[in-house]
Each structure stands twice: as structure tokens, then as C-alpha cells.
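**Student:** requesting a structural model of the entry that follows:
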Amino acid sequence: MPKIVDAAVRRQEVVEAVFRIIAADGLERASLREVADEAGLAVGSVRHYFASSDELLAHSFGVVVDRITARLDGAREDLMQLAPGTAGHRDGVLTLLGQFLPFDEERAVDACVWMAFKNAARIRPFLAAEADRSHRAVAALVGWLIMELRAPGEIEDDGHQFLVTEAERLLATLDGLTMHALLQPEWMTAEMCRDVLASHLQSLGESPTGH
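**Tutor:** Residues are numbered from 1 along each chain as shown. Here you go, the predicted structure:
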């Protein structure tokens, strides 16, 4: 009797093959043939689940966005249970922001894949929708975090422009740390990343010191 293949499982196996290829050799190598070889499948089998390379890459981009935002949402829920101004809250802030950064193998692969897709979206229109979705989701969370770290009166006084400026400043810091940690892991360690984030957050009125 033929073995029944779970379509969702097989699609995920193909996506994981895409991730491995991008992390090892870059997005340019992630063709249907290369992905099929990496997944141990025939090209025809991959085409059964993804009609084209563009469809496969757009789907894979969506998967990594979902994975990262799920981690962020989980860390946000945990942070909301902690009292602002406490050591636990300060640690929670760093834990939340650490979900962006390559502190372990899973996050390193996701960060590498995410940044590769975001960069490719500049010249590959079929990736633009996921790039926009990921930016909006991350910007919304960063905006929420800034509001959490500042007193309500300060937000009201500074207005919308403050939120926009500080959100972009923190996003730029996170992107820079991610890139440095991926390219120079011996120097930009997890401890160094946390120290930089702690220094940045201190300028927002918070003083995270824990790891």
C-alpha cells in the first residue's frame, strides 16, 4: 500500500531545505532543483507543492516571518505579566528584543534567511508583500515596547513623531546588531549584543542590566 504523504509536513520539509541553502550559500542558490536535491526529492515532487520558484520563495519568506513574529508575541505576552521598573521587567525587555538576534542556531538561521529575503525584496516584486508585512509587524511591536518604557505623560508630550523616530532608531539598532552578529560572531557575541541593547534602552528611560 503506498505511503500517504502529509502535504503540510512535506511543504515544511521543502521550506526547511530552502532555509538551509540560504543560510549556507545565499538566496541565489535556492532554485527548485537545488531545493529538491537538498530535500532529497525529485524536482517534480517539489513542483507538486510549489508551482514555481517564486511561489516557493514567497511562501518560505512568509514562514520565517511567522516564526519570528510568533517568538516575539510569546516574549511580549511574558513581558506583560511583569511589573515595569523591576529587574524581571528589564530582563523581559532584553529577552523580547533578543528574539530578533542570532543567539542560538534556530534564531541564527531565521535571522540570516529573514535578512536575505528582505534584501531580495528590493528587486524581486513577488517578495514585496511579505517584506511589508514583516516590517509592519515588527514596527508595531517596537512601537508598543517604546510606549511601555516611557511614562504616559512623556509620550503625550513628545507626540507621534517621538514614537516614529524612536521606533526607527531601535529598528536600525536591531538590524545592525543582527548583521554584525551574523558576520562577526566572534566579536559581536550575545553578551555584547545585550550590552548594546541595554545602553540603547537606557536612553529611553529604562536601564536593563540583566542577561
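**Student:** all strands for this protein, in order.
**Tutor:** When assigned using DSSP state E, the chain turns out to have no strands.
**Student:** which helix in it has the most residues?
**Tutor:** Counting residues, the longest helix in the chain under DSSP state H turns out to be helix 152-183.
**Student:** what's that helix packed up against?
**Tutor:** If you count contacts as 3 or more Cβ pairs under 8 Å, 6 or more residues apart in numbering; DSSP states H and E, helix 152-183 packs onto helix 105-120, helix 128-149, helix 190-202. C-betas here are computed from N, CA, C, even on glycine.
**Student:** sketch out the low-pLDDT regions of the protein for me.
**Tutor:** For the chain, applying pLDDT under 70 flags the ranges 1-5, 151-159, 205-211.
**Student:** measure the residue nearest to the spatial centre of the chain to residue 121 for me?
**Tutor:** Most central residue of the chain, judged by C-alpha distance to the mean C-alpha position with Cα atoms, centre = their mean, is residue 68 at 4.4 Å. When Cβ to Cβ, to the nearest Å is the yardstick, residue 68 and residue 121 sit 15 Å from each other.
**Student:** now swap in residue 148 and tell me
**Tutor:** 29 Å.
**Student:** got the domain boundaries for the chain?
**Tutor:** Recorded structural domains for the chain (assignment: automatic domain parsing) are 1-51, 61-202.
**Student:** what's the local residue count around the nearest residue to residue 139 once chain neighbours are set aside?
**Tutor:** Sequence neighbours aside, residue 167 is the residue nearest to residue 139 in space, at 5.8 Å (criterion: Cβ to Cβ, 6 or more residues apart in numbering). Neighbourhood size, residue 167 [other Cβ atoms under 10 Å]: 20.
**Student:** and residue 184, by the same measure?
**Tutor:** Each residue near residue 184 was counted by other Cβ under 10 Å, and the total is 11.
**Student:** show me the contacts for the closest residue to residue 127 other than its chain neighbours.
**Tutor:** Spatial nearest neighbour of residue 127, chain neighbours left out: residue 121 (4.0 Å); criterion: Cβ to Cβ, 6+ apart. With contact taken as Cβ atoms under 8 Å, 6 or more residues apart in numbering, residue 121 is in contact with 61, 127-128, 130-131.
**Student:** residue 200 too?
**Tutor:** The neighbourhood of residue 200, defined by Cβ under 8 Å, 6+ apart, consists of 169-170, 173.
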